[in-house]
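**Q** Show me the folded form of this:
(2 chains, ligands or ions: 2)
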Amino acid sequence: MAGIGTAALRLDGPAKVTGGAHYGSDAPFGKPLYGVLVTSGIARGRITAIDEQDARAEPGVVDIFTYRNIGKIVPGNIMDGDGYMGTSIAPLASAAIKHDGQIVALVVADTFEAASAAAYRLKIDYAEEVPAATFDSPGTETVAGVVASKKHKDPAVGDAEGAFAGAPVKIDAHYATATQHHNPIELFTTACSWSGGKLTVWESSQNMWGAKTGLALQLGISPDDIHFVSPFVGGAFGSRGSLTQRTAIVALAAKKLARPVKLATARDQGFTIATYRAETRHHLKLGATRDGKLVSVSHEGFEVTSRPDNYMVSGTDASTRLYGCPNVASKVSIVHADRNTPGFMRSPAETPYIFALECAMDELAYALNMDPVELRKVNDTQNEPIKGLPYSSRSLVPCFDAAAKAFGWSKRSMQPGSMREGEWLVGWGTATTMYPSNISASTARVTLFPNGTAKVQTATHEIGQGIYTVCALIAAGKLGVDPANVIVELGDSNLPPAPVSGGSNSTASVSNAVSKACDEILAKRAQGANGAIEAYAENIPKGDPPDAIRKLYKGQPSFTGGTESKDSIRFAFGAQFVEVRVHRLTREIRVSRTTGAFAAGTIVNPTTARSQLMGGMIWGISAALHEATEIDPRNARYTNKDLADYLIPVNADIGDIEVIMIPEEDSIVNPLGIKGIGELGNVGMNAAVANAVFHATGVRIRQIPIRLESLLVA
Amino acid sequence: MPNAHDALSSFSVITRRTILSSTAAASAVPLTMTRGQATPNAEPSAAPPLSVDLVVNNRTERLIIDSRTTLLDALREHLNLTGTKKGCDHGQCGACTVHVGGKRVLSCLTLAVSIREPIATIEGLAKQDGSLHPMQQAFIDQDAFQCGYCTPGQIMSAVACVKEGHAGSDAEIREYMSGNLCRCAAYPHIVAAIKQAKSATESG
Ligand code: FES
Ligand code: FES
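**A** Residues are numbered from 1 along each chain as shown, chains lettered A, B, ... in the order given. Ligands and ions are numbered 1, 2, ... in the order given. Okay, here's the model as predicted:
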């Protein structure tokens, strides 16, 4: 009987291959009006004049909304604090411009073509002030993380400075990661329709209940009067976890015009109206004995954020705990600039911080003349170093063993530049990945019908991870029915709440809630219930606050896992291996093959898990070699705001990707033993690629992405 | 410790400076229009609607549409065929790929009123009885997608890639499928799906 662990094809596959899957942008509203945004041409200053005359002369234009006439929208707080928003910058609150590409107008017309044309005919004048673009720009403000946020702690233990001073082998190096944008292929569209005081919003979201609660606060109405829908989400990667400011604007326009309004946000506007991964800088100091034991780890990080919001990812939480070491120091600072507020992007904390640590570990391996895999094994630990808590499970060494064997690592020669094939310099690199195993309170309703079919209802989100199929497998296994006979309903805020699909928690949170509801059905059946048997379950994981369900009904998750638990530390681990080829003349860098081995507790559906891990590994390659949003330092504007200039891998960029899943049991993380994998695959891959480039060329590049110009002799 | 530059520097004398100076001279400032920054005396862009007959998935549809309407918007907004996806509206992602006259085209770069040949979209690929095209089945079998948003475009491109004779090797498939971005990065599985469906697609 199919259930947990069955390698199942996606039950939503037929819908996805026939065009039958409906995404947020496929709102089925008849006779809508069309909205097009106008975004600011400066990053800091004020609007001095808006000339609507030409734009309103465009045939078909119905209305133009600016700060002068939109009405009241409560800005809200960012999700990283206690709110629901991606930014607290309310774009149409006044004439003030706080960042490049801030929404300054919404043009509404009978057709998309008319709205687009009118958007180009609108004339907005600004008084521009000199903005601060990024690190080192005049006018930025640097604030310590502990000052910016009560939640933030700088993990530390022992005397890192003293131990570093006395260490026989040392690494002291600086690293940097680039600005990145999620760029899901589905655009940031929104469609709003009012009927009798009730608002329906079609918008692809990772956070149905959070979105409806946040939007209700913004509009000053009851969350019960808002219905969020997106049965499918066309890629998210964190970009649709928090609410953007666009939704309330479209909602008010639709209300005033008493017609549905469909907003078509353009690709370039998605770079500035939603969140992104900010650029980071790192200072790493590692001290070790001659046999490779770490005696001192110190990690200082700097992250860019907007003027008003204290968004920070604080990856030292993970990086200070990856290896056993008696002396650890860390500090995170945020740098306020005139930018839109950054936000969650696939492994927000671990992607930059583990990059820095794992590059430094490679440098240490070379300083010791020790195999980089051996160095990781020498410093493996079953207890995190800060408080000495045990890992609930940690299979890092088995991951390294399996991946190294499959990759053929034993044939590697340590010397950089020593493995060549014709014109190509071949390099092999490795790195560790880790990601916190989160779970939140969640709810689900399950119905078992007498004809052997079942229905699962929960307001979680199909963002590509295959949660439709996961829900069906859980119910099928428990209730003894065929997964193909399980109807799964999700992506709708009228369903019982599930937490935001972020932090790789969904499979763990939702599966445990569905499983609990199935248990109740089985109990009812054992007590003699017949006919259709329905059960609604609220699952509160051990460690969640007692009011976790009440919070969930307000759209707030209660994550436990990672470093949040008192008795253990909960992470999934993996080992990344990569082969790069660097052309000796052109410096073209190709990734020819990669192997990743991952241990993440129970794998509910190995088929979709493999795809998710593979996609993550390719994201890591992309971060290492392709992706960067370029910022003009003079005007704090992004310069490559489209899919031709913002590089992501195409099919021809990707070679063989081998995914190995290492069996692991963990009864502590949750009853089903599930650790999330959505973000495990990409962490560390960026460092593995950078380390491989060093091995190929002997050139140590400490800043990603590494482009061929990075390898030109200075 | 190895010398940091030894593997590369012995081979060539290209420097960052020579690259930068040679590319700077070649670049030109592109002429772009920006929303909200109109130039005075902008010409009204609207023309009266036009009538056009489009043959879509073997049905003739009469549309009265704006001459500026793309085939993509005609399908999605006028014919309610939302299977064809908009990912950029600029010919940069491939999500909007359909067949016109049996060839793959980017519907976002094609004006609807310009079309004289039959159009096939993802909704028309399965047989009348609902049985899937071999390429659709292969995408399911190989788990060649995650979110599925790029998938209609990938599948329409994949069918054309095979029919064009560009599925001869993994490398050729990768090259000829590189106009279709997949942010979920299902690329290796897309290649596997095309190989699975190749012969059935050639004969179909
Ligand atoms: S929408 Fe046509 S290529 Fe992207
Ligand atoms: S499956 Fe998500 S973009 Fe390709």
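
**Q** ok, and the closest non-adjacent residue to the residue most central in space within chain A?
**A** Residue closest to the mean C-alpha point of chain A, counted by C-alpha atoms, centre = their mean, is A:R346 at 2.5 Å. Counting by C-beta to C-beta, 6 or more residues apart in numbering or on different chains, A:F237 is the residue found nearest to A:R346 once chain neighbours are left out, at 4.6 Å. (C-beta placed from N, C-alpha, C; glycine too.)

**Q** repeat for A:S504
**A** Closest to A:S504 by C-beta to C-beta, 6+ apart is A:G676, at 2.7 Å.

**Q** so where's the chain uncertain?
**A** No chain was given, so I picked chain A. Within chain A, the segments meeting pLDDT under 70 span A:713-714.

**Q** my bad, the chain I had in mind was chain B
**A** Short version for chain B, where the test is pLDDT under 70: B:1-33, B:39-46.

**Q** can you give me the strands for it?
**A** Listed in chain order, the strands of chain B (DSSP state E) span B:50-56, B:59-65, B:97-100, B:103-106, B:119-120.

**Q** what about the closest residue to ligand 2 within the stretch 1-150 of chain A, how many residues close to it?
**A** The minimum distance from the stretch 1-150 of chain A to ligand 2, using C-beta to the nearest ligand atom, falls at A:K16 (8.1 Å). When counting by other C-beta atoms under 10 Å in any protein chain shown, one arrives at 28 neighbours for A:K16.

**Q** Please list all residues in contact with the spatially closest residue to it that is not a sequence neighbour.
**A** Leaving aside its sequence neighbours, A:K16 sits nearest to B:G148 (C-beta to C-beta, 6+ apart; 3.3 Å). Neighbouring residues of B:G148 by C-beta atoms under 8 Å, 6 or more residues apart in numbering or on different chains: A:D12, A:A15, A:K16, A:V17, A:A21, A:F232, A:G234, A:G464.

**Q** For chain B, which residues are neighbours of ligand 2?
**A** Within chain B, the positions near ligand 2 by C-beta under 6 Å from any ligand atom are B:F145, B:Q146, B:C147, B:G148, B:Y149, B:C150, B:T151, B:C182, B:R183, B:C184, B:A186.

**Q** Show me how to select, in PyMOL, the buried members of the residues you listed.
**A** Selection of the buried residues among these in PyMOL, burial being defined by 16 or more other C-beta atoms under 10 Å in any protein chain shown:
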select buried, chain B and resi 145+146+147+148+149+150+151+182+183+184+186
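
**Q** Can you give me the domain assignment for chain A?
**A** A:24-129+A:185-235+A:240-273, A:141-180+A:276-437+A:567-713, A:438-561 (automatic domain parsing).

**Q** Measure how buried A:G101 is and give me the count.
**A** With other C-beta under 10 Å as criterion, A:G101 counts 23.

**Q** cool, the one 10 residues further on as well?
**A** When neighbours are defined as other C-beta under 10 Å, A:T111 has 22 of them.

**Q** Roughly how far does it sit from chain B?
**A** According to C-beta to the nearest C-beta, to the nearest Å, A:T111 and chain B sit 6 Å apart.
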